[in-house]
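S.K.: model this:
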Amino acid sequence: MSNSTGLRDRSVIVTGAGSGIGRAAALLFAAEHAKVVVSDIDEKAAEGVVAEIDAAGGTAVAVVGDLSEQPVVDEVTTTALSAFGGLDVLVNNAGIMDRMSAAGETSDAEWERVIRVNLTAPFLLCRAALPHMLAAGKGSIVNTASEASLRGSAAGTAYTVSKHGIAGLTRSLAVMYRDRGIRANAIAPGGTATGITVDQSAGAVGPTVVRGYAANAGRCSTAEEQAAAIVFLASDAASNISGVILPVDNGWSAV
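M.R.: So this is what the prediction gives:
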């Protein structure tokens, strides 16, 4: 991949980079000689990834905080600019699961938190990054959508709506900025072996219904498989690809 990515010395933000897909993506960007802002709510995890990148001879800096808060979004963006001199790639990967709740079981708190973290935070980051990408005349945004962006049977209502929103955000960005050098794409992971957990409500109908469709999911992917798709979409190898929601799901979306 190194011969065609064009990622050397690019300034890259990866959110949710302390673990799972985000960590794998941050490490792979660094291996491609990009400079990485490792953003995560978990300080120890973020600093650990920076240490891994430093030990391998790469360049990274951590920014810790809740990306649903505008000041944290601003800090992440300004850190990329001040530490690395620009902003070339934004990877909106941070997200949380819902409780697999059906609409009638979803509390205001569950709805508002999931939508805020999974959809509003990526929007805020895109809005903060775009002026800098537009001034440079180029940029790549890669969002982490989900199998739940493609169907109604992969998660609860709040998560499913948030990830359908990510698909819409991605396509809107691709259309609005296609003639100004900005590309926007998303991966749609199927089941992936990460540390994310689901706190299901006892006796709720949502988890029971969703489990009924789980047999179609196939094998779980690794975080590294998802990261490879992210880095490809961000890279010059995908220079004519924009507006794509790419399933990385062992064919689940084809079933």
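
S.K.: What residues sit buried inside stretch 52-67?
M.R.: Glu52, Ile53, Gly58, Thr59, Ala60, Val61, Ala62, Val63, Val64, Gly65, Leu67 (16 or more other Cβ atoms under 10 Å). In this view, the C-beta of every residue, glycine as well, is placed from N, C-alpha and C.

S.K.: which residues in this protein form strands?
M.R.: Listed in chain order, the strands of the chain (DSSP state E) span residues 11-15, 35-40, 59-64, 89-92, 139-144, 182-189, 245-248.

S.K.: TSV for the ones you listed, including mean pLDDT?
M.R.: As requested, the strands of the chain are exported to TSV (pLDDT from 0 to 100):
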stretch	mean pLDDT
strand 11-15	98
strand 35-40	98
strand 59-64	98
strand 89-92	98
strand 139-144	98
strand 182-189	98
strand 245-248	97
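
S.K.: Give me the distance between the residue most central in space within the chain and Thr79.
M.R.: Nearest to the mean C-alpha position of the chain, by Cα atoms, centre = their mean, lies Asn93 at 1.8 Å. Using Cβ to Cβ, to the nearest Å, we find Asn93 at a distance of 17 Å from Thr79.

S.K.: Ala56 contacts Ala30, doesn't it?
M.R.: Yes: in terms of Cβ atoms under 8 Å, Ala56 counts as a neighbour of Ala30; the distance is 6.8 Å.

S.K.: Quick one: neighbours of the residue lying closest to Ser11 once chain neighbours are set aside, just the number.
M.R.: Counting by Cβ to Cβ, 6 or more residues apart in numbering, the nearest residue to Ser11 once its immediate chain neighbours are dropped is Phe84, at 3.8 Å. Neighbourhood size, Phe84 [other Cβ atoms under 10 Å]: 21.

S.K.: and if you look at Glu147?
M.R.: Counted with other Cβ under 10 Å, Glu147 comes out at 23.

S.K.: ok, now which ones touch it?
M.R.: Going by Cβ atoms under 8 Å, 6 or more residues apart in numbering, Glu147 touches Ala154, Ala188, Pro189, Gly190, Gly191, Ala217, Pro247, Asp249, Trp252, Ser253.

S.K.: Same question for Arg219.
M.R.: Contact partners of Arg219, counting by Cβ under 8 Å, 6+ apart, are Gly191, Asn250.

S.K.: For it, report the pLDDT, please.
M.R.: Here, the pLDDT recorded for Arg219 equals 75.

S.K.: what do you get for the one 3 residues further on?
M.R.: Model confidence at Thr222, given as pLDDT, is 95.

S.K.: Chain neighbours aside, what residue packs nearest to it?
M.R.: Closest residue in space to Thr222, ignoring its immediate chain neighbours: Ala193 at 5.9 Å, by Cβ to Cβ, 6+ apart.

S.K.: Helices along the stretch 1-150 of the chain, start to end?
M.R.: With DSSP state H, counting those that start in this stretch applied, the stretch 1-150 of the chain shows helices at 20-31, 43-55, 70-84, 108-115, 121-136, listed in chain order.

S.K.: try the stretch 151-255 of the chain
M.R.: Going by DSSP H, counting those that start in this stretch, the stretch 151-255 of the chain shows helices at 157-176, 205-211, 223-234.

S.K.: will you turn those helices into a markdown table that also has mean neighbour count?
M.R.: A markdown table is the format used below for those (neighbours: other Cβ atoms under 10 Å):
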| stretch | mean neighbour count |
| --- | --- |
| helix 157-176 | 20 |
| helix 205-211 | 16 |
| helix 223-234 | 23 |
